[in-house]
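Chemist: Task: produce atomic coordinates for the following.
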Amino acid sequence: MLKLSYACILALFSLSPTICLSQDNASNIELTRLTAASTKTVPTKVVIISKPLVLGGIERVLINMINALDPERIQLDLVLLGRVQEGPLEKELKRDIPIITFKEACQKQYDVAISYHQFLDPDIFLHHMQAHKKIQWIHGDMLEFHCPYNSEKKCKNIDLFVCVSKRVREVFVRLHPDLQEKSLVITNIIDSARIIQGAEIDSAQEIQRDGLLNVVTVSRLDFKKGLQTALKAHKRLDREGINFRWYLVGEGPERAVLMPRIQQYGLQNKFILLGGKKNPYPYIKKADLFVLPSRSEGYSTVLVEAKILKRPIITTDIGGAQEEIVSGKNGLIVPTTEDALFLGMKKMLLDSSLREQFALSLKNFEYDNTKSLQKIYQLLQEP
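Modeler: The predicted structure follows:
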């Protein structure tokens, strides 16, 4: 977890000097309170703008954050752009959050306005929302996707950029070095209890228990998730006589590319696309090996979920990987290449003691939201 720093006191644009941005480590800038807890007696009025709450990693961590916030401290409105009906994840909100239209939100006065989804144009609230503080959340590597705030014009009126991992912030600062002091890292809020309980609900009957090892990946079927690389690595392992089944939980446009190649490689009964699952946790729990082959991630929530469920893990070196995995200790991190994934998987599939070691190293692992939640309160409640 990130360490709080008291190294400096900097006035941050419109923020109070009671908030500090640490310069000890440019990749680890974070907020910290330098004065006593706020004596504010009325809740902070916050509006969050995002996309509809359908299946997706960003939507999931947004729900986790909302559920973790104290309603006596934070009064929330939610604007879901493009929403035409109740999204499947809305039922997971633990309290009644007003879901209002953008027009309604523009008629209100807020302390803080947050654009939570990285693909939304921040102009929608910069020039229309009435808020004292305006924040953009960044969930992904900006070198890997087009984002609407790449231009200086889009960035100059944003008070803060919240990056979900050190890697995400490093790329952001590389693209916008002049915005270094306006960016910080807050890792995602994770609901461990929901994950553990969800793993017990279903038996994941599709996963066979017949002596073959079962590898599981939970991912949207998208090019940046590295699934073509995964399939090529599987083909090479199969040709070397390393026999296992690889189950992919998720759906997306890459299915149309993967299906003919699965047939071409003769892996119809070994590289298995299960489709989207609202509850993927029983599948992760039944994995002999969990693999994250992504080409790019901001901060992989599913990587943390696999740790919470104590699975042996191999992951490519994406955002958050080195913050969650000590390679060779509690998992294996490999470069984002076919050769590296092939060699890493070969090592772990053939070495049962290594898989057992990684699983055992996670026996006492508990994901702690305390520091992230503290930073969010500081971010929202300081004037």
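Chemist: buried ones in stretch 308-328?
Modeler: Residues of stretch 308-328 classed as buried: 308-321, 323-325 (neighbour count, 16 or more other CB atoms under 10 Å). Heads up, the C-betas are built off the backbone N, CA and C, glycines and all.
Chemist: ok, now stretch 212-225?
Modeler: In terms of neighbour count (16+ other CB under 10 Å), stretch 212-225 has its buried residues at 213-222, 224-225.
Chemist: Closest one of the residues you listed to G344?
Modeler: Here the nearest of the buried residues of stretch 212-225 to G344, counting by CB to CB, is V215; it sits at 11.9 Å.
Chemist: Helix, strand, or coil at the closest one?
Modeler: With DSSP: H, G, I helix; E, B strand; the rest coil as the basis, V215 sits in strand.
Chemist: The closest residue to it other than its chain neighbours: which element?
Modeler: Nearest residue to V215 in three dimensions, chain neighbours excluded: W246, at 4.4 Å (CB to CB, 6 or more residues apart in numbering). Using DSSP states H and E, W246 sits in strand 244-249.
Chemist: mind listing the helices for the stretch 151-300 of the chain?
Modeler: Counting by DSSP state H, counting those that start in this stretch, the stretch 151-300 of the chain has helices at residues 152-155, 166-175, 192-201, 227-239, 255-265, 281-285.
Chemist: just checking, what packs against the fourth one?
Modeler: Other elements packing on helix 227-239 under the criterion 3 or more CB pairs under 8 Å, 6 or more residues apart in numbering; DSSP states H and E are strand 244-249, helix 255-265, helix 338-350.
Chemist: just to revisit the earlier point, in strands only, show me the buried residues of stretch 308-328.
Modeler: Of the buried residues of stretch 308-328, the ones assigned to strands by DSSP state E are 313-316.
Chemist: isn't E251 right next to S219, touching?
Modeler: No - between E251 and S219 there is no contact under CB atoms under 8 Å: 9.8 Å.
Chemist: Sheet-wise, list the partners of the strand ranked longest in the chain with their directions.
Modeler: For the chain, the strand that runs over the most residues, judged by DSSP E, is strand 130-138. Each strand paired with strand 130-138, and its direction, by DSSP bridges: strand 109-115 (parallel), strand 160-163 (parallel).
Chemist: export the shortest one as PDB, just CAs?
Modeler: Same thing as strand 160-163. Output of strand 160-163 as PDB, limited to C-alpha atoms (Å, rounded to 0.1, in the frame of the first residue of the first chain):
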ATOM      1  CA  LEU A 160      -6.800  16.800  -9.800                       C
ATOM      2  CA  PHE A 161      -6.200  13.600 -11.800                       C
ATOM      3  CA  VAL A 162      -6.600  10.400  -9.700                       C
ATOM      4  CA  CYS A 163      -4.600   7.500 -11.100                       C
END
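Chemist: what does that strand contact?
Modeler: Applying CB atoms under 8 Å, 6 or more residues apart in numbering, the contact partners of strand 160-163 are 12, 15, 133-138, 155, 169, 172, 179, 182-186, 298, 379.
Chemist: let's see 7 Å
Modeler: Contact partners of strand 160-163, identified using CB atoms under 7 Å, 6 or more residues apart in numbering, comprise 135-138, 169, 172, 179, 182-186.
Chemist: pLDDT added to those residues, as CSV?
Modeler: Output for those, formatted as CSV (pLDDT from 0 to 100):
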residue, pLDDT
I135, 93
Q136, 91
W137, 93
I138, 90
R169, 92
F172, 87
L179, 87
K182, 92
S183, 93
L184, 95
V185, 95
I186, 96
